[in-house]
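Trainee: Turn this into a model:
(one chain, ligands or ions: 1)
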Amino acid sequence: MSVGFLGIGHYVPPKVITNNDLEKMVDTSDEWIRTRTGIEERRIAEDDMDTSDMAYNAALQALEDAKLEPEEIDLILVATVTPDTPFPSVACMLQEKLGAINAAAMDVSAACSGFMYAVATAKQFIESKVYKHVLIVGVEKLSKITDWSDRSTCVLFGDGAGSAVLGEVSEGRGILSYELGSDGTGGKHLYQKADGYLAMNGREVFKFAVRKMPEASVHVIEKAGLQKEDVDYLIPHQANIRIMEAARQRLGISEDRMNQSIKKYGNTSAASIPIALSESVQEGKIKEDDNVVLVGFGGGLTWGSIALRWGK
Ligand code: UT7
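Mentor: All right, here's what the predicted structure looks like:
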């Protein structure tokens with residue numbers, strides 16, 4: 001059985017914070033942020049919009065795209081490190097908002113790799129015929145765990161949600177291969193402090209990512225029986241343009257075939273890959289039967305990559 005994407009969608013809050021806005025808050029500059037990270041602006045959710053609300057907006061789009069009713073969803077997986085509350089899960093909140101009365105629901109915790117972990121999990125449930133339709137959301141309200149007085153982190157992150165419905169697709173399409181991994185020894189480089197704020201050793205995470213992203217991409221390309229030249233589009237986790245470039249160059253992919261939504265949204269952690277995928281499809285950059293590589297890394301440390309052939 002081939003498992004793939006039946007529908008996709010995304011949501012970003014309307015409020016834009018530019019690099020110039022940040023210059024007024026901390027000792028930084030538009031030039032530093034652009035050249036070191038590739039970020040030009042990010043979206044920030046208002047106080048009355050929590051993680052589950054953004055998840056809901058993205059999920060509605062994915063369901064509509066898949067032409068499915070909420071009652072037809074068997075499982076909801078939400079990848080997030082910024083849930084509304086530790087429990088109930090965002091997945092359960094989403095189940096209620098959607099009226100997805102037949103769905104089991106749980107959150108997945110793998111930081112920025114969360115969406116990849118959720119897709120791989122959904123694939124198992126569908127392949128084993130336990131569930132037919134799995135709704136996945138990668139969503140973060142990182143603004144609520146960001147220390148807005150710390151220039152080394154506050155310039156990097158943004159809020160948003162991306163969603164997908166997974167199910168059976170025609171033979172030859174869908175997920176061709178995947179790889180998940182973790183290295184708990186690096187957990188200390190990216191974590192939530194006791195005061196609730198995000199803490200990061202940027203240089204260590206950078207080194208890990210520059211090594212892992214190309215490596216994990218090559219692995220799934222090989223496992224899928226493809227050559228690097230066969231890859232039509234690359235969707236790397238949108239954390240830093242320099243890390244993304246390292247992956248792109250190693251794969252020999254031209255610049256126009258890599259999503260760069262980091263410019264507009266910054267690093268939205270678990271939401272970054274599904275937002276990028278949804279936008280790339282909506283903008284016509286990914287077409288039917290294109291070979292696409294998704295690759296992410298993040299806190300844990302964790303990583304995940306997927307090779308897929310787009311289309312139902
Ligand atoms: O989703 C996964 C999570 N995170 C990541 O993937 C992040 C991975 N790491 C990175 O993207 C980069 O390491 C950063 C963008 C976080 C930092 O870039 P960098 O080139 O590694 O800079 P650095 O930390 O080595 O800092 C260089 C200088 C320092 O000043 P000194 O010590 O050279 O005088 C920093 O204090 O830049 C300074 N600096 C800033 N300057 C202006 C750090 N943050 C800022 C800032 N504005 N916002």
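Trainee: Now do the same contact list for residue 41.
Mentor: Counting by CB atoms under 8 Å, 6 or more residues apart in numbering, residue 41 makes contact with 16, 17, 18, 19, 263, 264, 265, 266. Glycine gets a C-beta too; all of them are placed from N, C-alpha and C.
Trainee: are any of those buried, and which?
Mentor: Applying 16 or more other CB atoms under 10 Å to the contacts of residue 41, the neighbour count classes 17, 19, 264, 265, 266 as buried.
Trainee: Excluding covalently adjacent residues, which one is nearest to the third one?
Mentor: What it means is residue 264. With CB to CB, 6 or more residues apart in numbering as the criterion, residue 264 has its nearest non-adjacent residue at 6.1 Å, and that residue is residue 41.
Trainee: Next one, pLDDT for the one you found please.
Mentor: Looking at residue 41, its pLDDT is 98.
Trainee: and if you look at the one 5 residues further on?
Mentor: At residue 46, the pLDDT value in this model is 97.
Trainee: Would you enumerate the residues in contact with it?
Mentor: Shown in contact with residue 46 (CB under 8 Å, 6+ apart): 13, 15.
Trainee: Spell out the secondary structure type for it.
Mentor: The three-state label given to residue 46 by DSSP: H, G, I helix; E, B strand; the rest coil is coil.
Trainee: hmm, back to that, can you flag which of the buried ones among the contacts of residue 41 belong to strands?
Mentor: residue 17 (DSSP state E).
Trainee: I'd like the buried ones among the contacts of residue 41 written out as a markdown table, with distance to residue 311 and pLDDT added.
Mentor: As requested, the buried ones among the contacts of residue 41 are exported to a markdown table (distance: CB to CB, whole Å; pLDDT from 0 to 100):
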| residue | distance to residue 311 | pLDDT |
| --- | --- | --- |
| 17 | 36 | 98 |
| 19 | 38 | 98 |
| 264 | 26 | 98 |
| 265 | 26 | 98 |
| 266 | 30 | 98 |
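Trainee: Of the buried ones among the contacts of residue 41, just say which sits nearest to residue 175.
Mentor: residue 265 (24.7 Å; CB to CB).
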